[in-house]
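**Student:** Fold the following and give me the result.
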Amino acid sequence: MKIALLVEWLRQKQNCRIWSEANPQVYVETPLHPEKLTVWFALWAGGIIGPYFFKNDEGHNVTVNGDRYRAMTTNFFIPELNSHDVQELWFQQDGATCHIARATIDLLKDNFSDRLISRFGPVNWPPRSCDLTPLDYFRWSYVRSLVYADKPKTLDHLEDNIRRVIADIRPQMLEKVIENWTSRLDYIRASRGSPMPEIIFKM
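**Tutor:** Presented below is the predicted three-dimensional model:
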């Protein structure tokens, strides 16, 4: 099973405010919103593809849109995926706008046929189902906690942390993530959608 992870933070339009506390002839310029990284990676029980950092031609960080997501899929993800010996792969993604644009769904169908789990895809995944989506419960509970453990102060430091944490994830952990995912699905099917007991969230 292939699970795609997209982590995206949006930039705000205002970059800074100019203010002064004491002397109106002296001002201090501080960022209103800190710069962010937009990073994507995919995982399945046997490994990880990525991370992929969205940057423009000059190497500056950018947010993801439909064109950038499709370019990443075509130029990075699919070639990387083809270099792994993975057969009959299913691809799951969340409902971010860039993921579910018609051109994106068409591109993913070309590569995964009916093995696409996505809003507007052949297998229509319900929105706001973070408890049933490894990219949500694994990313936030494990990856994010380690990435921010030493409180990175720069984007380079943050990017280094992301690369290191992802590189350190062992196949045994990924197998456990996917086993946990299938047990969640089994419980939901058997209980006809009842809330899951807390024990199932422990990996």
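**Student:** Is it correct that residue 136 is in contact with residue 130?
**Tutor:** Yes - with contact defined as Cβ atoms under 8 Å, residue 136 counts as touching residue 130 (3.8 Å). Bear in mind the C-beta positions are built from the backbone N, C-alpha and C, glycine included.
**Student:** any idea how far residue 122 is from residue 116?
**Tutor:** Residue 122 sits 5 Å away from residue 116, taking Cβ to Cβ, to the nearest Å as the criterion.
**Student:** So, low pLDDT: which residues of this structure?
**Tutor:** 1-34, 127, 196-203 (pLDDT under 70).
**Student:** Would you map the strands across it?
**Tutor:** Ranges of strands within the chain are 2-7, 16-19, 28-31, 39-44, 47-53, 91-92, 116-117, based on DSSP state E.
**Student:** ok, which stretches of this structure are helices?
**Tutor:** Per DSSP state H, the chain carries helices over the ranges 66-72, 78-82, 97-100, 102-112, 134-138, 144-147, 155-167, 171-191.
**Student:** Could you list every helix and strand in contact with the first one?
**Tutor:** Contacts of helix 66-72 with other secondary structure elements, assessed using 3 or more Cβ pairs under 8 Å, 6 or more residues apart in numbering; DSSP states H and E, are made with helix 97-100, helix 102-112.
**Student:** contacting residues around the closest residue to residue 53 other than its chain neighbours?
**Tutor:** Spatially, and ignoring its direct neighbours in sequence, residue 53 is nearest to residue 39 (5.3 Å; Cβ to Cβ, 6 or more residues apart in numbering). The neighbourhood of residue 39, defined by Cβ atoms under 8 Å, 6 or more residues apart in numbering, consists of 7, 50-54, 159, 162.
**Student:** ok, now how distant is residue 39 from residue 151?
**Tutor:** As judged by Cβ to Cβ, residue 39 and residue 151 stand 18 Å apart.
**Student:** Out of the helices of the chain, the one nearest residue 35 is which?
**Tutor:** Checking the helices of the chain against residue 35 by Cβ to Cβ gives helix 155-167 as the closest, at 5.8 Å.
**Student:** now the closest one and strand 39-44, what's the angle there?
**Tutor:** 0 degrees (axes from the mean of the first three to the mean of the last three Cα atoms, to 10 degrees).
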